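Engineer: return atomic coordinates for the entry below.
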Amino acid sequence: MRIVRSINGSLRRLFALVALVALAACGRPGALAPVGVPDAAPLGLQPANGLSALPGANLPCGLPAHATRRRHDAACPVAINVHFPGLRNPHVPASKIPGLHPDEIVQAYGFPSGIAHPTVAVVDAYDDPRAEADLNVYRKKFALGTCTVANGCFEKVNQLGATRRFPHASKAWSQEIALDLEMVSAVCPHCRILLVEANSASIDDLGAGVDEAVALGAKVVSNSYYATEWSGEASEDAHYDHPSVAITASSGDLPNAYYPPASPYVTAVGGTSLTRRGGAWSEAAWKYGGRGCSAFEPLPAFQPALCATRSAVDMAVVGNPQTGVSMFASQAGGWVVAGGTSVGAPIVAAAYALSGNPTGPAFSYQHPADFHDVPPAGFDLATGLGSPSGVAGL
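Structural biologist: So this is what the prediction gives:
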């Protein structure tokens, strides 16, 4: 997924070893590419220091260099298209902003425009000091209304629920946070948004953030991060097991199964390439989206037995950064085009909020007709049931 830059022989050997456990890497955010640019390069090494990226995209945050199986650190799968130069001016006309706009996302998936006011929580690692400001640049540009602490639409807390003493700021994770908040807004502009910032990217801290989000009243929780599976991962499932709460998780940006998308308690969202020709939308599986059979989680009763274990994708929406979404993030250079399976978790979370029935993945498997089938035909590892057709299947 990522292009490895020139390094000397000894470092190359070291990075190759690190690549066995790395998920994705940090890179400086760049610009975006026009819709239709193919996924060109072969999958390369994935060094944890961020020297490589998806073909045509930067992955701003990934596993830190100190990541170990003991900590179970997570990567965030936001991918910034490097072919389009970012637009720093927040006031640029909407017609000049590339990527999919909110009305196009809503149209592509047939989401309703009805007013809903449930709380959608977004759980991410570290602090984005510009979260509220960047969110409202995006919302103002696309006429979504303001969403601020002052008007009660937006709230930011740490993983203990406090509205001060946030974790240290992260330029990389700030881009993830901006994307998540904006995608919730794009699909459900009337939803209240709760941002929970975990102390670190460890699954323990992120899971604690999910628990806090539910304790604070969230009916839907979006999680755009993924970690390498490990034998004890089921011990973390309690963080994602909240009856009558829909919890989404990005499937990851390498074609493997990861955690928490492998948890049976989350709706695991993969990625597609979404394009429009004339008035018709079409989708294909994005070849870099996380997928596969879990190494440790058993097959849930609700899921077709494509694997002997849990298949780590339930459904999919746009993820390819070359057909990606518009995003405003100060830490990414302003207006950019973003992708990665980071896009899917908040989009589906917001759709759950609109459905009025936020429960979890089992319901969707009972309503396969409410999904667009994404080739190959039928339930598959890359896109699961397919992409939502409205919210009746959520």
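
Engineer: same question for stretch 367-379, mean pLDDT?
Structural biologist: Stretch 367-379 shows a mean pLDDT of 95.

Engineer: er, stretch 107-123 actually
Structural biologist: 90.

Engineer: what about that stretch, how long is it end to end?
Structural biologist: In stretch 107-123, first residue to last residue: 26 Å (Cα to Cα, to the nearest Å).

Engineer: how about that stretch: buried residues?
Structural biologist: For stretch 107-123, a neighbour-count test (16 or more other Cβ atoms under 10 Å) marks Ala108, Tyr109, Gly110, Phe111, Ala116, Pro118, Thr119, Val120, Ala121, Val122, Val123 as buried. (Each C-beta comes from the backbone N, C-alpha and C, glycine too.)

Engineer: and what of stretch 310-325?
Structural biologist: Taking 16+ other Cβ under 10 Å as the basis for neighbour counts, the residues of stretch 310-325 that come out buried are 310-325.

Engineer: so which of those sit within strands?
Structural biologist: Among the buried residues of stretch 310-325, the members falling in strands (DSSP state E) are Arg310, Ser311, Met315, Ala316, Val317, Val318, Val325.

Engineer: picking that back up, now tabulate the buried residues of stretch 107-123 in CSV and tack on distance to Pro85 and secondary structure.
Structural biologist: Listed next are the buried residues of stretch 107-123 as CSV, based on distance: Cβ to Cβ, whole Å; DSSP: H, G, I helix; E, B strand; the rest coil:
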residue, distance to Pro85, secondary structure
Ala108, 25, helix
Tyr109, 29, helix
Gly110, 33, coil
Phe111, 30, coil
Ala116, 36, coil
Pro118, 37, coil
Thr119, 36, strand
Val120, 32, strand
Ala121, 33, strand
Val122, 28, strand
Val123, 31, strand
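
Engineer: going by distance to Ser389, which of these wins?
Structural biologist: Gly110 (5.4 Å; Cβ to Cβ).

Engineer: what about Val269, neighbour count?
Structural biologist: 34 (other Cβ atoms under 10 Å).

Engineer: got it, and the one 5 residues further on?
Structural biologist: As a burial measure, the neighbour count of Leu274 was computed by other Cβ under 10 Å and equals 28.

Engineer: and for it, nearest residue in space, chain neighbours not counted?
Structural biologist: Leaving aside its chain neighbours, Leu274 sits nearest to Val318 (4.0 Å; criterion: Cβ to Cβ, 6 or more residues apart in numbering).

Engineer: do Gly252 as well
Structural biologist: Per Cβ to Cβ, 6+ apart, closest to Gly252 is Gly290, 2.8 Å.

Engineer: mind checking how far Ile115 is from Ala350?
Structural biologist: 13 Å (Cβ to Cβ, to the nearest Å).

Engineer: same deal with Arg164?
Structural biologist: 27 Å.

Engineer: hang on, isn't the residue nearest to Gly252 packed against Ala249?
Structural biologist: No. The pair Gly290 / Ala249 is not scored as a contact, 9.7 Å apart, by Cβ atoms under 8 Å.

Engineer: what sits in contact with each of the two?
Structural biologist: Tyr226, Pro261 (Cβ atoms under 8 Å, 6 or more residues apart in numbering).

Engineer: at which residues are the helices of the chain located?
Structural biologist: 9-18, 102-109, 131-141, 171-187, 203-215, 344-355, 361-365 (DSSP state H).

Engineer: pull the most distant pair out of the buried residues of stretch 107-123.
Structural biologist: So, those by Cβ to Cβ: farthest apart are Gly110 and Val123, at 27.1 Å.

Engineer: hang on, the earlier thing: so of the helices of the chain, which one's packed in deepest?
Structural biologist: helix 344-355 (a mean of 29; mean count of other Cβ atoms under 10 Å).

Engineer: elements contacting that helix?
Structural biologist: helix 102-109, strand 119-125, helix 171-187, strand 220-223, strand 246-250, strand 267-277, strand 315-318 (3 or more Cβ pairs under 8 Å, 6 or more residues apart in numbering; DSSP states H and E).

Engineer: to Glu197, which of the ones you listed lies closest?
Structural biologist: Across those, closest to Glu197 is strand 119-125 (Cβ to Cβ), at 6.3 Å.

Engineer: centre of the chain to that closest one, how far?
Structural biologist: 11 Å (Cα atoms, centre = their mean, to the nearest Å).

Engineer: and that strand with helix 203-215, angle?
Structural biologist: 160 degrees (axes from the mean of the first three to the mean of the last three Cα atoms, to 10 degrees).

Engineer: I figured Pro321 hits Gly340, correct?
Structural biologist: Yes. Using Cβ under 8 Å, Pro321 is in contact with Gly340, at 6.5 Å.

Engineer: quick check: neighbours shared by the two?
Structural biologist: With Cβ under 8 Å, 6+ apart as the test, Pro321 and Gly340 both reach Leu54, Ala57, Ala79.

Engineer: who wins for neighbours among those?
Structural biologist: Most surrounded of the shared contacts of Pro321 and Gly340: other Cβ under 10 Å gives Ala79, at 35 neighbours.

Engineer: show me what contacts that one?
Structural biologist: Counting by Cβ under 8 Å, 6+ apart, Ala79 has contacts Ala53, Leu54, Ala57, Asn58, Leu59, Asp253, Pro321, Gly324, Ala338, Gly339, Gly340, Ser342.

Engineer: for it, which non-adjacent residue is closest in space?
Structural biologist: Ala79 sits nearest to Gly340 (Cβ to Cβ, 6+ apart), 3.6 Å away.

Engineer: who's in contact with that neighbour?
Structural biologist: Counted by Cβ under 8 Å, 6+ apart, Gly340 has contacts Leu54, Ala57, Leu59, Pro77, Val78, Ala79, Ser250, Asp253, Gly271, Gly319, Pro321.

Engineer: list the buried residues in stretch 143-160.
Structural biologist: Leu144, Cys147, Cys153, Phe154, Glu155, Lys156, Val157, Asn158, Gln159.

Engineer: run a quick neighbour tally on the residue nearest to Gly252.
Structural biologist: 31.
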